[in-house]
Each structure stands twice: as structure tokens, then as C-alpha cells.
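Asks: I'd like to go over a predicted model; first the sequence, then the structure.
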Amino acid sequence: MSDFSLHTPETAPAESQPLLENSQKSFGMIPGLHAVMAEAPTLLEGYQVLHDLFQRTSFDADEITVVWQTINVEHACHYCVPAHTAIAKSMKVDDAITEALRNETPLPSDRLEALRTFTLAMVRERGEVDQATVQRFLDAGFTRQQVLEIVLGLAQKVMSNYTNHLAETPVDAPFQPFAWEKAKG
């Protein structure tokens, strides 16, 4: 691991201590990502708020997972892919969806594939997608609201993926069974 600390409620800056307590209550543990983010209380708070807000979007559990994991896999996040695999299991997402996302193979429905394709376009083109790309997404049954909700999910995942790259955050024990590396391509 690089020289970033994995904070506990006792070692974290005072502003992060209640945020880590929230993590403990929500997850039954303090995820390593949160322990690293605690160094910057505003980052941890922002991440927690965005995480909560993204779960309240118009996307269902399968769709939330598609957005999260598409971004995680594209960013090759060694920590978030296993963590969101565990989260997907807790959300009762079909393992076929999770495995297709992790392995970058076709998803079980055209609608979910359209969501992944549009999310990838947003990541790769840094939000500068053309109108035809947006229209294909809308034609798949999604809405303009959902176009913007992907921006929210992307903001959340940039915070976590980039933090994990910088800190080389170790994968927490509960997520280790879902360890992952991006396929060489």
C-alpha cells in the first residue's frame, strides 16, 4: 500500500469520526475505502452522500449495478469491483449480470446492454457524447432524467476509483472472495 493511512474512528480527523461511525452502522465494518477517505473529511462525506443519492435514483438494483460496475471495470478498480460484487449480491442482483459486467461479456438483456454502452460512452468521452448516442439510450427505454443520473453515479465512482488507485486500498476480507483483475486486452 502507498503511504495513505487506513483510519479508524480513533485515528481519523475529528470531522471524519462520525462519518466512519456511519460506515460502521451501514456496512457492519469500516470499508477500507472509507478508512482512506477519512483523511479528507469532505471527500468521505461527499462520497457517502453521493452513494445514498445514487441508490435513490430511478434505476432499479440491476441498473444501479450496471452503472457502478461498468465504471469500476472501465477504471480497472481493484477494490470497487469486488466490493460492488458483494453489494450486488446483497441487493439480490442476478449473478449472470454481475459476471457479465466483471468479464466484459454481453449482458442478459438488450436494455441492460444499452445502459452499459451509454455509461461507457459517458466515461470514455468524458460526458461529450453526441446526440445520436443519447438518442440510442432513450430509444432503449431510458429517460433524460436517467442520462443525468448516470452523471451522479459517475461522480461517485470517480471519487472511489481514483482514491483506490492512489492509495492502493487493500481489498477488505468480506470482498476478497470476489477479487478481480481487468482482463488483458
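Replies: Structure received. This structure is a prediction, so every number in the text was calculated from the model and none was measured. Numbering: from 1, shown residues only.
Asks: where's the residue sitting nearest the centre point of the chain relative to residue 163, distance?
Replies: Nearest to the mean C-alpha position of the chain, counting by CA atoms, centre = their mean, stands residue 68 at 3.9 Å. Using CB to CB, to the nearest Å, residue 68 is found at 15 Å from residue 163. Backbone N, C-alpha and C define where each C-beta goes, glycine included.
Asks: what does residue 28 give?
Replies: 21 Å.
Asks: looking at the two, which is more packed in?
Replies: residue 163 (23 against 8; other CB atoms under 10 Å).
Asks: do I have it right that residue 31 meets residue 22?
Replies: No - counting by CB atoms under 8 Å, residue 31 does not reach residue 22; the two are 11.5 Å apart.
Asks: so how far is residue 76 from residue 166?
Replies: For residue 166 relative to residue 76 (CB to CB), the value is 14 Å.
Asks: er, residue 50 actually
Replies: 21 Å.
Asks: which one's more surrounded, those two?
Replies: More crowded of residue 50 and residue 76, by other CB under 10 Å: residue 50, with 19 against 15.
Asks: skipping adjacent residues, who's closest to that one in space?
Replies: residue 156 (3.9 Å; CB to CB, 6 or more residues apart in numbering).
Asks: what's the burial count for that neighbour?
Replies: Neighbour tally, residue 156, other CB under 10 Å: 23.
Asks: quick one, what contacts it?
Replies: Contact analysis of residue 156 by CB atoms under 8 Å, 6 or more residues apart in numbering lists 47, 50, 51, 54.
Asks: of the residues you listed - the most surrounded one?
Replies: Busiest of the contacts of residue 156 [other CB under 10 Å] is residue 47, holding 22 neighbours.
Asks: can you tell me the SS state at it?
Replies: helix (DSSP: H, G, I helix; E, B strand; the rest coil).
Asks: oh, and call the first residue 139 from now on, that's how I've got it
Replies: In the new numbering, first residue 139, that becomes residue 185.
Asks: hang on, it packs against residue 175?
Replies: Yes - between residue 185 and residue 175 there is a contact under CB under 8 Å: 5.9 Å.
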